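> have a look at this prediction, sequence included:
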Amino acid sequence: MAKIYKLKKINKTGLSVPQFDEARFSINYENELNSAQYEAVSAVEGAYLVIAGAGTGKTRTLVYRVARLVEIGFDPKSILLLTFTRKAAREMMSRAAALLDNRCSMINGGTFHSFANITLRKYAKSINLDPGFTILDQGDSEDVINLIRAQLNLAKLKKRFPKKSTIFKILSLSVNTERDIEEIVEQDYPHFFEYADKIEDIGKIYHAYKTQNNLLDYDDLLVYLKEFLESKNSASRSLLSSINFVMVDEYQDTNKIQADIVKGLTQLNNNIMVVGDDSQSIYSFRGANFKNIMEFPKLFKNVKLIKLEENYRSSQEILNFTNYIIESAIEKYPKFLFTQKVGGELPAIISASTENMQSRFIVDRILELREEGVQLNDIAVLFRSSYFSFNLEIELNKANIPYLKFGGMKFIETAHVKDILAFLRIAANPKDIVSWFRVLLLHEGIGPKRAQQIIDEIQSSKINISIKPDAVLSKKYKDVIYNLFNLLNKIYTLKMSPTEKTELVLDYYKPVFKSKYDDFNKRKKDLEIFLNITQNYRSLDSLLADMALDPPQDSVVGLDEEDKEREYLTLSTIHSAKGLEWHSVFIIHAIEGFFPSGLAAQSLDSLEEERRLMYVASTRAKQNLYISYPMKIFDRQNGITFSKPSRFIEGVNEDIAEEWLLEDEY
């Protein structure tokens, strides 16, 4: 029998909340929700922190609250719902519309970055910003940093200087956490500490470069939005007066700037509801700040805390195990997940003599589950780091079990798609030097030096794409440059749809594409997909903004026909699995030094995040949970050594989980 935990009502707002006659609503909210969900949904004015445990109907709660606010009579456009993916926002809005009516699809819903993009383009001039800015994705930002790195001639240094991706991470973390670059380098990259001042110099040049060329990266979108909200000018007051209610999903994943933005959005109307789970805060490497959700009650007056603890996903046996894991967390909102579901088995902790035996056990158990009627699509193997699954992948291939591993190349990161986007981005912003470099270097006979000479002439306005090439190009330019400028002039000056512009680019790009990529036959499918995507857009700016902020995730390159079987096993890092669920879940390599990682042991905060990672992984399981570890591992220096089970599973009471010891059949 599941323990029933009664919610204590604390932190009362003291506000006089208007009473509504439930009979007037078309939806019976009280009947369709549990008591805690209904408390959150029926909240109107004031500040609310909803701690939603894993699988407790967080999305359902937000959807019903949107519907209820609209039913009460509030203008849908005055409701702002901020999420971490556009997909999540669209899902909530469509579900709310299906629940009530189409008014719910008119609310302001989107990611922090997409909201920032729309807001900044509308109010750009009030903070001295050109509304025609281009958004750099991470790859573009790294390319700019690499250019600056090369110009500073850092290759001559006696010791290794950090790569462009590392420099970008340091600069981005500094912005998102509002910490000094020197502090970040000292803590996370101490071997580069002597270069902290040079990394700071690169950061300054990078900022100036973006300003000069009307470029904004992801971090800039948040920085400028925060600046706009804090400006308190007439434009920002106009925006704030139009927002009655702010709701934030997955608040535990916010960084320092996003928390400041949430505070800034509620300056006029203190009607804020954030929903999240402190126990699922696992993205500190992206700059997410665990303290945001813990300190939310201090940011706003009279915050009311509501806990969602009834779980609709997992068996009570699995919930008992997850409750056990998080119970030892040092800083948390205490909660006890329970379910009305009956029938379940204890989670199993499996000790295997070697990593290969661990892999063979998983293969055997997957085949057994398959025979029991569990589809491969409903089974996942989760791991702390991507390389943990290499041995398992070999065994899965031997057993002919199809699988997909998540965390691979994204559609928008493929070189050929980025090539096409570069042409279109120049048409949208002729100052986009990053895209100019990419496009020029595609052409045979143009190297970095020649490309820079052409760009110098573009920047000095000696040549430009707004005038036909006959009028601006001298005889020194070969046909290749003439043809390029002829194309860019057309897509810049002629009134055409994004699809028509893309078709012109594709026609021009085709011979370059075939000569550059040996596997162009596979890659051309991505270009066809991209062309189809453009048909959903009326303006080039909106297409490019979405490609930067909310791109399609998967590339078809590298996927053979047999990989596209409808049924496949999921292999995934825990970070990529957050928000998903499966009938049966395997968590592998649960040993000290691996999970938690060796680096995490150096910091209490990091160790606590590792505990939350185990909690997230375990709460993905609905019916079966298997946690395994090899007792012997290979170490380069010491050869075969004995491992120690993860502190998160060591000594677990037999009422919470049962232990399995694997034996080979002879």
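Perfect, thanks for sending it. Numbers count the residues shown, from 1 in each chain.

> where does N255 fall, phi/psi-wise?
Torsion angles at N255 (phi, psi; degrees, to the nearest 10) stand at phi -100, psi -180.

> contacting residues around it?
Listed by CB atoms under 8 Å, 6 or more residues apart in numbering, the contact set of N255 reads 176-177, 286-289, 292. Where C-beta positions appear, they are placed from N, C-alpha and C, glycine not excepted.

> show the pLDDT at it.
At N255, the pLDDT value in this model is 92.

> make TSV from the contacts of N255 and add secondary structure and distance to L571 to it.
Converted to TSV, the contacts of N255 look like this (DSSP: H, G, I helix; E, B strand; the rest coil; distance: CB to CB, whole Å):
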residue	secondary structure	distance to L571
N176	helix	29
T177	helix	31
R286	helix	22
G287	coil	27
A288	coil	24
N289	coil	30
N292	helix	31
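
> hmm, E345 is touching S315, no?
Yes. Using CB atoms under 8 Å, E345 is in contact with S315, at 7.4 Å.

> common neighbours of these two, please.
Common neighbours of E345 and S315 (CB under 8 Å, 6+ apart) are Q623.

> tell me which residues in the helix or strand containing F321 are buried?
Here F321 sits within helix 316-327, counting by DSSP states H and E. For helix 316-327, burial by neighbour count (16 or more other CB atoms under 10 Å) applies to 316-326.

> which of E345 and S315 has more neighbours?
Between E345 and S315, counted using other CB atoms under 10 Å, S315 has the larger neighbour count: 23 against 12.

> one step back: quick one: contacts of the helix holding F321?
Contacts of helix 316-327 (CB under 8 Å, 6+ apart): 2, 54, 279, 311, 314, 332, 336-339, 341-342, 344-347, 611-612, 614-615, 618-619, 621-623, 625, 648, 652-653, 655-657.

> filter these to the buried ones?
Judged by 16+ other CB under 10 Å, buried ones among the contacts of helix 316-327: 2, 54, 279, 311, 314, 332, 336-339, 341, 344, 346-347, 611-612, 614-615, 618-619, 621-623, 625, 648, 652, 656-657.

> of the residues you listed, which belong to helices?
Judged by DSSP state H, helices contain the following of the buried ones among the contacts of helix 316-327: 611-612, 614-615, 618.

> out of the residues you listed, who's nearest S353?
S353 lies nearest to M614 out of these, by CB to CB, at 22.9 Å.

> contacts only, for that closest one.
By CB under 8 Å, 6+ apart, M614 lies in contact with 325, 587, 590, 595, 646, 648.

> mind picking the two most distant members of the residues you listed?
It's I325 and F595 that sit farthest apart of these, by CB to CB, at 12.2 Å.

> mutual contacts of those two, please.
Residues touching both I325 and F595 (CB under 8 Å, 6+ apart): 614, 648.

> what is the longest strand of the chain by residue count?
The strand that spans the most residues within the chain, counting by DSSP state E, is strand 621-630.

> partner strands of that strand, with direction?
Neighbouring strands of strand 621-630 in its sheet, by DSSP bridges, are strand 348-352 (parallel), strand 582-587 (parallel).

> residues contacting the next helix or strand after the shortest one, please?
If I follow you right, that is strand 348-352. As assigned by DSSP H and E, the chain's next helix or strand after strand 348-352 is helix 355-371. Helix 355-371 is contacted by residues 350, 352, 376, 379, 381, 391-392, 394-396, 398-399, 401, 569, 583-584, 586, 588-589, 624, 626, 628-630, 633-634, 662, 664 when judged by CB under 8 Å, 6+ apart.

> just the buried ones from these?
350, 352, 376, 379, 381, 391-392, 395-396, 401, 569, 583-584, 586, 588-589, 624, 626, 628-630, 633, 662.

> returning to what we had before: would you turn the contacts of M614 into JSON lines with pLDDT?
JSON lines is the format used below for those (pLDDT from 0 to 100):
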{"residue": "I325", "pLDDT": "94"}
{"residue": "I587", "pLDDT": "96"}
{"residue": "A590", "pLDDT": "93"}
{"residue": "F595", "pLDDT": "91"}
{"residue": "S646", "pLDDT": "91"}
{"residue": "F648", "pLDDT": "93"}
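
> what's the burial count for the nearest residue to I465 once chain neighbours are set aside?
Nearest non-adjacent residue to I465, counting by CB to CB, 6 or more residues apart in numbering: L488, 4.3 Å away. Residues contacting L488 under the criterion other CB under 10 Å number 23.

> just the CA trace of the helix or strand harbouring L488, in CSV.
Assigned by DSSP H and E, L488 belongs to helix 479-493. Provided in CSV are the C-alpha atoms of helix 479-493 (Å, rounded to 0.1, in the frame of the first residue of the first chain):
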residue,chain,number,x,y,z
ASP,A,479,33.4,34.6,-63.5
VAL,A,480,33.1,32.8,-60.2
ILE,A,481,32.7,36.0,-58.2
TYR,A,482,30.5,37.6,-60.9
ASN,A,483,28.1,34.6,-60.8
LEU,A,484,28.1,34.6,-57.0
PHE,A,485,27.2,38.3,-56.8
ASN,A,486,24.6,37.9,-59.5
LEU,A,487,22.9,35.2,-57.4
LEU,A,488,23.1,37.3,-54.1
ASN,A,489,21.9,40.4,-55.9
LYS,A,490,18.8,38.5,-57.1
ILE,A,491,17.9,37.0,-53.7
TYR,A,492,18.6,40.3,-51.9
THR,A,493,16.7,42.7,-54.2
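
> which helices and strands sit right next to it?
In terms of contacts (3 or more CB pairs under 8 Å, 6 or more residues apart in numbering; DSSP states H and E), helix 479-493 is packed against helix 415-428, helix 469-472, helix 498-516.

> avg pLDDT for that helix?
Average pLDDT, helix 479-493: 86.

> so E567 touches L376, yeah?
Yes. Look at E567 against L376 with CB under 8 Å: they come within range, at 4.7 Å.

> hey, what's in contact with both of the two?
By CB under 8 Å, 6+ apart, the residues touching both E567 and L376 are P402.

> list the contacts of stretch 285-303.
Stretch 285-303 has contacts (CB under 8 Å, 6+ apart) with 11-15, 46-49, 172-173, 176-177, 251-256, 258-259, 263, 266, 270, 272, 274, 276, 278, 281-282, 284, 305, 331, 333, 605, 608-609.

> of these, buried ones?
With burial judged by 16+ other CB under 10 Å, the buried subset of those is 13, 46-49, 172-173, 176-177, 251-256, 258-259, 266, 272, 274, 276, 278, 281-282, 284, 305, 333, 608-609.

> from those residues, which land in strands?
Using DSSP E to define strands, the subset of the buried ones among the contacts of stretch 285-303 located there is 47-49, 272, 274, 276, 305.

> farthest pair within these?
A47 and G276 (14.2 Å).

> what's the closest of the strands paired with strand 621-630 to I127?
strand 582-587 (45.9 Å).

> least confident of the strands paired with strand 621-630, on average?
strand 348-352 - the lowest mean pLDDT of these, at a mean of 93.

> can you give me how far that one is from the chain middle?
Its chain's average C-alpha position is 32 Å from that of strand 348-352, according to CA atoms, centre = their mean, to the nearest Å.
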